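Novice: this is the structure alone, sequence omitted:
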């Protein structure tokens, strides 16, 4: 019986040692798997953060592209409108040339410059007058500049005269800008009908 008990104790110890080793191995495997899963999870989270930041950058770029596209479409519409105005003005000028072509060939050597262009409305007449005054002032300022360079006019008188002319030119240019805006508005309204 002693032999059986010793044998049984030895067998029991070996079984316990195997269970203990098996448990240790299982615990080590579980710890290794948990560590691998934790590293893999951190790697995937970092990748997801990168994807989210890339997605945010792409959304920002999408907004920029859409904004640029809208601006280009608006500019294209404006250019098409401008093209229509230019084509309409070209038609008017071609009609004027056809109408007045015979007048020059009709034997008339002298052309009345003041009646060369006929204004069709008040705005056109006002624009023609503003442009004429503006160009006349430019010519006068140029002549005054030449006179000062040649010593025919004192410099202080030149400055006073140019200052007065520049003021008048400023007001003429402001009027011309307002007339031009009114003409464009009238042409746009005319095309809308």
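Specialist: Right, received. Where do you want to start? Everything quoted here is computed from the prediction, not taken from an experiment.

Novice: which residues of the chain score low on pLDDT?
Specialist: The chain contains residues with pLDDT under 70 at 1-12, 102-115, 117, 191-193.

Novice: which secondary structure elements does the biggest helix by length in it contact?
Specialist: As assigned by DSSP state H, the longest helix anywhere in the chain is helix 2-105. Counting contacts by 3 or more C-beta pairs under 8 Å, 6 or more residues apart in numbering; DSSP states H and E, helix 2-105 packs against helix 155-192. Quick note: C-beta positions are derived from backbone N, CA and C, even for glycine.

Novice: check which helices and strands the helix it packs on sits against.
Specialist: Helix 155-192 packs on helix 2-105, helix 122-150, going by 3+ C-beta pairs under 8 Å, 6+ apart.

Novice: how about the last one: buried residues?
Specialist: Of the residues in helix 122-150, those buried under the neighbour-count criterion (16 or more other C-beta atoms under 10 Å) are 123, 126-127, 130, 133-134, 137, 141, 144, 148.

Novice: can you list those residues in a markdown table and add distance to residue 24?
Specialist: Output for the buried residues of helix 122-150, formatted as a markdown table (distance: C-beta to C-beta, whole Å):
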| residue | distance to residue 24 |
| --- | --- |
| 123 | 101 |
| 126 | 104 |
| 127 | 101 |
| 130 | 102 |
| 133 | 106 |
| 134 | 101 |
| 137 | 104 |
| 141 | 104 |
| 144 | 108 |
| 148 | 108 |
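
Novice: of all these, which comes closest to residue 160?
Specialist: Using C-beta to C-beta, residue 144 comes nearest to residue 160 of those, at 10.5 Å.
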